[in-house]
Each structure stands twice: as structure tokens, then as C-alpha cells.
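1. sequence first, then the predicted structure:
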Amino acid sequence: MSKSKVVVITGASSGIGEATAKLLAKDGAKLVLGARRENRLKDIAKSIEKLGGEAAYQSTDVTDDDQVESLAKLAIEKFGRIDVWLNNAGIMPQSILSEKKITDWNNMIDINIKGTLYGIGAAIPYMDKQKSGHIINVSSVAGHTAHQGSAVYSATKFAVRAISESLRQEMVDAKNNVRVTVISPGAINTELLSSVTDPDVKANMEKFYESFGIPVDRVALTIKEAIDMAADAAWNEVIIRPTNQL
Ligand code: NDP
């Protein structure tokens, strides 16, 4: 159960991260929130406290390993352990390859892939000592298939799945009871489209999300259920797609 578990969430300032933090807090989890927009984190922590929950937060850019390590230390200082680490921070500036948007490519690689790796690197030493833990990595339906324009975003989300399966096997070998789950959402109404830099792609995606997008609570609930699974079993991969999304 998520009750009284210490849960670290990256990208906790909006969307899936924020919704998951609030849902878990209602169930008694202790939250440690990281993202770049500290004001947002402060407001979310306050609303969690109003619900009777406990939350710590720290401005964290997941492209900086020192900042990610520092988020893990905050969890240990405040709550003494890390039960769940949710690698959720991500951006999706899709575009066709021939536009050669190198800054977008690099940002996706740095945030979606390296940010996930830094989160794993920060959490595992503590989980190893505890002989328990749960790493949850957010991939995407785009991590199962690619289409024109999704090349680099899909590549980063395929990478998240590859990293997760390799980590899962490593954890089994280490006999440390660390579970690994990949959550792959479809179209969920969040602020994610604000990271799209190509105006035509953005307009098309807005139409797509208007037609198919579903509320973010659906993903938060999926993550909570993965956490609530009995400790001797794990949902290793979950796709949560709107019923009407192609
Ligand atoms: P949001 O844009 O609402 O949330 C993204 C979060 O990532 C924000 O909290 C943002 O916080 C954080 N973030 C971005 N860059 C960094 C960074 N460098 N360091 C730390 N945090 C960062 O979108 P979602 O909630 O939808 O996205 C969450 C995850 O879900 C992403 O990995 C995304 O790829 C994935 N996903 C979303 C889908 C959807 O349809 N919405 C579908 C499939 C997957 P801040 O700017 O404050 O740093």
C-alpha cells in the first residue's frame, strides 16, 4: 500500500507528477517533490499539507546529476528512506528530422533519458541498503511505436523501456527486492504540449488531444495501483491509453 511510503517524484510541478503526488498524499504517502518551477512545488506541497499529508520539495533540474542526488538526500533527511522513485519529468518537442532541431533533440535526450538514469542512480544505493524499493519510469505509447515527427521523442521513450528492463534484471540479480515498473500513457490532458516548439506540429497535436485526451487522474490512479501491488509482485509494464485513441 502507498500508505506511509516515501515517494520521490520528478516533474512534480504539473500534470501526471502533480496528480500522482496529490492522490498518494490522500492515502498517507510522504511526498518528495522535484521540478524546476519551485513556486509550483511550494503550492502543491501546501495543498498536500492541507489534505493532512506531508511533503518536502526542492527545485530540481533532472539534467543535473548533483541536483537529482540532492533530491534523494532531501528524502532521506526528511523521511529516512525512499520507497518509491517516480522518474516522470519529460518533454515532447516533436518535429520531423529534416528540420534538424538539434536543441530539441538534445533537451529530450537530456531530460527524458539522462534524467531517468540520474534518478535511478540516486535512488538505488538507498533501496539497496533498505533491501526494498520501487522505481517507476514514465515512458509513453510513443515508446512502443514511432510515427513521422516522433523520432527523437519515441527514441527517448523506447530508451526508458530498455533501461527499465535492464534495471529489472539487475535488481533480481542483486536480490534487493527492488521492483521496476514502466508506465506508458497515451494522450493525457496536461501541459506537455507547451514543450512543442514547431507551431504546425503543436496545432495538430492540440486537435489530437482535444479529440482523444483524457484526464490526468487516470494515470495517477494507475501509478497508485502499481505501488499498491503486493511487494512480491510487480506490474512491469502498463499501457494506459484513452479508450478512443487510435
Ligand atoms: P507536464 O508538462 O504537465 O509535466 C512535465 C513535468 O516535467 C513538469 O513538472 C516539468 O516541471 C518537468 N520537467 C521538464 N523538464 C524538466 C527538467 N529539466 N528537470 C526537472 N523537471 C522537468 O506533462 P505530463 O505530466 O504529461 O508529463 C509527464 C511525463 O509523462 C513525461 O515524461 C511525458 O513524456 C509523459 N507522457 C505524457 C503523455 C501525455 O499525453 N501527457 C503521454 C505519454 C507520456 P518544470 O517545468 O517545473 O521543471
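-> Nice, thanks for sending it over.

2. alpha carbons only for contacts and neighbour counts from here, please
-> Fine.

3. partners of the helix or strand containing residue 86 in the sheet?
-> Residue 86 belongs to strand 84-87 when assigned by DSSP states H and E. Applying DSSP bridges to the sheet, strand 84-87 is found paired with strand 6-10 (parallel), strand 133-138 (parallel).

4. does it come close to the ligand?
-> No - for strand 84-87, no contact with the ligand is found by CA under 6 Å from any ligand atom; the gap never falls below 7.6 Å.

5. again with stretch 212-224
-> No - for stretch 212-224, no contact with the ligand is found by CA under 6 Å from any ligand atom; the gap never falls below 7.2 Å.

6. same check, this time on stretch 140-159
-> Yes - contact of stretch 140-159 with the ligand (CA under 6 Å from any ligand atom) involves residue 140.

7. same thing with stretch 72-82?
-> No - Stretch 72-82 does not reach the ligand (CA under 6 Å from any ligand atom); its nearest approach is 13.7 Å.

8. buried deepest among the strands paired with strand 84-87, which one?
-> strand 6-10 (a mean of 27; mean count of other CA atoms under 10 Å).

9. give me the helices and strands touching the helix ranked longest in the chain, please.
-> Taking DSSP state H as the criterion, the chain has its longest helix at helix 151-174. Secondary-structure packing of helix 151-174 (3 or more CA pairs under 8 Å, 6 or more residues apart in numbering; DSSP states H and E): helix 102-108, strand 133-138, strand 178-185.

10. any idea of the mean pLDDT for the last one?
-> Pointing back at strand 178-185 there. The predicted model assigns strand 178-185 a mean pLDDT of 98.

11. which residues of this structure lie near the ligand?
-> Counting by CA under 6 Å from any ligand atom, the residues of the chain that sit close to the ligand are 10-17, 35-37, 60-63, 88-92, 111, 138-140, 184-192.

12. re the thing from before, chain center to the strand holding residue 86: distance?
-> In this view, strand 84-87 has its centroid 7 Å away from the chain centroid, taken as CA atoms, centre = their mean, to the nearest Å.

13. now for the closest residue to residue 51 other than its chain neighbours: which residues touch it?
-> Of all residues not flanking residue 51 in the chain, residue 26 sits nearest, at 6.6 Å (CA to CA, 6 or more residues apart in numbering). By CA atoms under 8 Å, 6 or more residues apart in numbering, the contact set of residue 26 is 48, 51-53.

14. list only those of these flagged as buried.
-> Among the contacts of residue 26, those classed as buried by 16 or more other CA atoms under 10 Å are 48, 53.

15. can you name the two of the contacts of residue 26 that sit furthest apart?
-> Using CA to CA, the contacts of residue 26 span at most 6.6 Å, a distance reached by 48 and 52.
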